[in-house]
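# Sharing a model prediction with you, sequence too.
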Amino acid sequence: MPSGTVRTRIAPAPSGSIHVGNARTALYNWLLARQHGGVFVLRVEDTDQSRVTQDAFEAVLEDLRWLGLDWDEGPEVGGEYGPYRQSERSDRYRAVAAALEDTGHAYRCYCTAEELSQRRARAQSARRTPGYDGRCRNLTDAERAAFESEGRSFALRFRVPEDRTIAFVDVVRGPIATRSDQIPDFVVRRSDGSPTYMLAAAVDDMAMEITHIIRGEDLVAATPRQLLIREAMGVTETPVFAHLPLLVAPDGKPLSKRWGDVAVSAYRRMGFLPEALVNYLALLGWSFDEKTNIFSVDELITKFTLERVTRNPAIFDIPKLEWLNAHYIRLLPPEALAERLVGVCADAGLPAGSDEGKRLLGLVAPLLSERLKRLEEAPPMVRFLFGPVPPDAKAAKLLDGKRPYLEEVAGALGGVEEWAAGTIEETLRRVATEWDLKPKQAFQPIRAAVTGTLVSPPLFESLEILGRAETLARLTSTP
RNA sequence: GGCCCGGUAGUCUAGUUGGCCGAGGACGCCGCCCUCUCAAGGCGGAGAUCACGGGUUCGAAUCCCGUCCGGGCUACCA
C-alpha cells in the first residue's frame, strides 16, 4: 500500500452528462480521497476528439459539481500534475511509446486492419485464441525494411513477456493472477501516432501518482497490461486496485439508454436531490452494517471503506432512490424547498417566478415537504394556487348537486373574523355538524370546488393560503 | 472457444475464522391505526428449499467437488 498522500481520480470521457455508474465510481474515489485528506483528480479522457464538444465537456463538470464531488486537481482548478486533458498530453504518450520501443518493450507491427481481422476470424473458426498472433514480434531488419518500402504504416505493440504471472491484489475482489500467455501483444500506439487507452491510462496514472485506482469491473482484465507497462517503465510502486461491480438495469442487462435514464442530468431534471442520489449510489455496492440506510455525505466520508464493497452487480432500482429522495426532501428547511419549487414550477409553466408566485410557494412548501417523492411532482399539487382549475372527472362527479351546501359554506366562511387555518377549520366543522355530514363528506366537495381535484395539500391550510376572496369565488362559481 | 468474476425474498443488502441464522435490516407490496384527501408516522403481515446436485462434519448460506445460469474481458474501443 503506497504511503503518503492518497491520490484518487475519475477519468470520464467528455461525452455529455455522466452515466450513473461513472457517478458511483467518481463518488467512491472522492470519498476515499476526502476520508484520507487526500487529493481527488479529475482527468478528462478526450483522446477521441471526434466525439468531444465543449457542451459535452461542460456537462461532465456540471454533473460532478451538482453531486458535490469537487476535484482538487483538474480542469478549471489546475494542479501540479497537469495538463488534465489527455488531448493536451500527446507529447508524454509519444515519449513513453518511444521509450518502450527503444528498450525493446514494444515493437513495430505492420499488419493491416484487414489482415488482422482475417486472421482473427480464421483463429476463431479454428477454435484458437483470437488474439494477436505475434507475427511482427520478431521481424528481421530486412523484413522490416521490406514493409517500410511497401509504404506500410505501423502500430507499436507491447512485447508481453513470456512465461510470467502477473499478480495483484484487488481490494474488493481479492488476489488476481494472470498468466502472460493469456495476454496477446497489445497495441500501445496506433499507426496514426495516437496512444491507445491502455497506454494513456497507465501513463497518466503513473505521472499523476495515483495511489488508488478505483474503477469499473470491466477493467479488471486491463490491469495486468497496465502493470506490465508500469514495470517496463521502471515504476515499482503499485497502486491499490479496486474494481467495482457493474450497475445493471432491472432486467439484469447492462445499464443502457435502451432501458431508461442513465444520465445524472436526467435525475436532476426529474427532481432528485443530489444528496439522495449520492446516498443511493453509495448503497449500490457498499454497506456499512446490517441496518443503516441513510448516510449524510459527512457520514459517508468517515464510514466508507473499499473492503466493504460487494462483488456482485447491483440493479439500479428507482423506487428505493425515490424513498431516499422523499427523505431528503423532508429534511430540507421550508425556505430551501420553496426555493427549489420555484424552479420546477416555472419549468412546468406556472408563473412561479413572480413575487406573488414566490410568496405562495413559500407558504405551501411546508405542506408539500412530506408529500413529495420528487420535486417534479409539485406543480400539479400547487396549480390551484395560481388560478382556478377546472374539476377533473372525479371532482365533477362529486360536485354534482352540492351547490346549496357550497353556498352555505361560502356564507359561513364569509363571516370568519380572522382568515386562518384554525378558524377556517372551526367554521367548516360547525357547518358539517349542522348539515349532519361526516368530515370526509363535508370536506371533499370543498376540496373539489377549490382545487379541482380530490387530492390536494391539507384543506384548511390550502384555503388560508388561497385567500378568502378567491376561496369564496370558487365555492360560489360551482354550477 | 479461452481467462476471470458473480448467484441470500421482486430490489439493495447483512452474514463468508461453520453452531448466537429454523437467515437480520431497508425499499417495494398487503393489512390495521391515525386522519379532511394524499402523504408522513406507528403497528403488523406475506415473501428466501441461502442457484442446483453431491460430499466433509455432531452441525454448512458459510468448507470441498461438479453442474447450471448471468456477467466481464479476449479490438490500432474505452
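Thanks, I have the structure now.

# Show me the longest helix that occurs in chain A.
helix A:20-35 (DSSP state H).

# Could you export the helix or strand following that helix as CSV, keeping only the C-alpha atoms?
Later in the chain than helix A:20-35, the nearest helix or strand by DSSP states H and E is strand A:39-42. The C-alpha coordinates for strand A:39-42 follow below in CSV (Å, rounded to 0.1, in the frame of the first residue of the first chain):
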residue,chain,number,x,y,z
VAL,A,39,-6.4,14.6,-3.5
PHE,A,40,-9.2,13.8,-5.9
VAL,A,41,-8.1,14.3,-9.5
LEU,A,42,-10.4,14.9,-12.5
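
# Just after strand A:39-42, pick out the following helix or strand.
Next in sequence after strand A:39-42, counting helices and strands by DSSP H and E, comes helix A:54-67.

# Name the surrounding residues that touch the following helix or strand past that following helix.
The helix or strand immediately downstream of helix A:54-67 is helix A:90-102, counting by DSSP H and E. Outside helix A:90-102, the residues within contact range by Cβ atoms under 8 Å, 6 or more residues apart in numbering are A:106-108, A:156, A:158, A:188-189, A:193-195, A:199-200, A:203, A:207, A:229, A:232-233. No exception for glycine: its C-beta is placed from N, CA and C like everyone else's.

# ok, now with 10 Å
The contact list for helix A:90-102 (Cβ atoms under 10 Å, 6 or more residues apart in numbering) reads A:47, A:83, A:86, A:105-108, A:156-159, A:188-189, A:193-196, A:199-200, A:202-204, A:206-207, A:229, A:232-234.

# Name the residues of that helix that come out as buried.
Residues A:92-93, A:96-97, A:100-101 are the ones in helix A:90-102 that count as buried (16 or more other Cβ atoms under 10 Å).

# residue contacts, the residue lying closest to A:G134 once chain neighbours are set aside?
Spatial nearest neighbour of A:G134, chain neighbours left out: A:D185 (5.9 Å); criterion: Cβ to Cβ, 6 or more residues apart in numbering. Shown in contact with A:D185 (Cβ under 10 Å, 6+ apart): A:106-107, A:109, A:131-137, A:157-160.

# ok, and of these, which contact RNA strand B?
A:109, A:131-132 (Cβ under 7 Å from any atom of the strand).

# and A:G37, what is it in contact with?
A:G37 sits next to A:5-6 when contact means Cβ under 10 Å, 6+ apart.

# do you know how far it is from A:W71?
15 Å (Cβ to Cβ, to the nearest Å).

# And the helices in the stretch 351-479 of chain A?
With helices called from DSSP state H, counting those that start in this stretch, the stretch 351-479 of chain A shows them at A:355-368, A:378-382, A:393-399, A:403-414, A:421-434, A:439-451, A:459-466, A:468-476.

# got CSV for those helices, with mean pLDDT, mean neighbour count and distance to A:L61 too?
Formatted as CSV, the helices of the stretch 351-479 of chain A follow (pLDDT from 0 to 100; neighbours: other Cβ atoms under 10 Å; distance: least, Cβ to Cβ, whole Å):
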stretch, mean pLDDT, mean neighbour count, distance to A:L61
helix A:355-368, 95, 18, 30
helix A:378-382, 95, 21, 28
helix A:393-399, 91, 15, 46
helix A:403-414, 93, 17, 53
helix A:421-434, 94, 16, 45
helix A:439-451, 95, 20, 42
helix A:459-466, 97, 21, 39
helix A:468-476, 94, 17, 45
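
# Distance to RNA strand B for those helices - can I get that in CSV?
Output for the helices of the stretch 351-479 of chain A, formatted as CSV (distance: least, Cβ to the nearest atom of the strand, whole Å):
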stretch, distance to RNA strand B
helix A:355-368, 8
helix A:378-382, 8
helix A:393-399, 10
helix A:403-414, 13
helix A:421-434, 7
helix A:439-451, 3
helix A:459-466, 3
helix A:468-476, 14
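
# Same list (those) but as JSON lines, adding distance to A:H327.
JSON lines is the format used below for those (distance: least, Cβ to Cβ, whole Å):
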{"stretch": "helix A:355-368", "distance to A:H327": "15"}
{"stretch": "helix A:378-382", "distance to A:H327": "17"}
{"stretch": "helix A:393-399", "distance to A:H327": "30"}
{"stretch": "helix A:403-414", "distance to A:H327": "37"}
{"stretch": "helix A:421-434", "distance to A:H327": "26"}
{"stretch": "helix A:439-451", "distance to A:H327": "27"}
{"stretch": "helix A:459-466", "distance to A:H327": "23"}
{"stretch": "helix A:468-476", "distance to A:H327": "33"}
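
# So for stretch A:63-80, what gets flagged as buried?
For stretch A:63-80, by 16+ other Cβ under 10 Å, it's A:63-64, A:66-67, A:69, A:71-75, A:79.

# and if you look at stretch A:82-90?
Judged by neighbour count (16+ other Cβ under 10 Å), stretch A:82-90 contains these buried residues: A:82, A:84-86, A:89.
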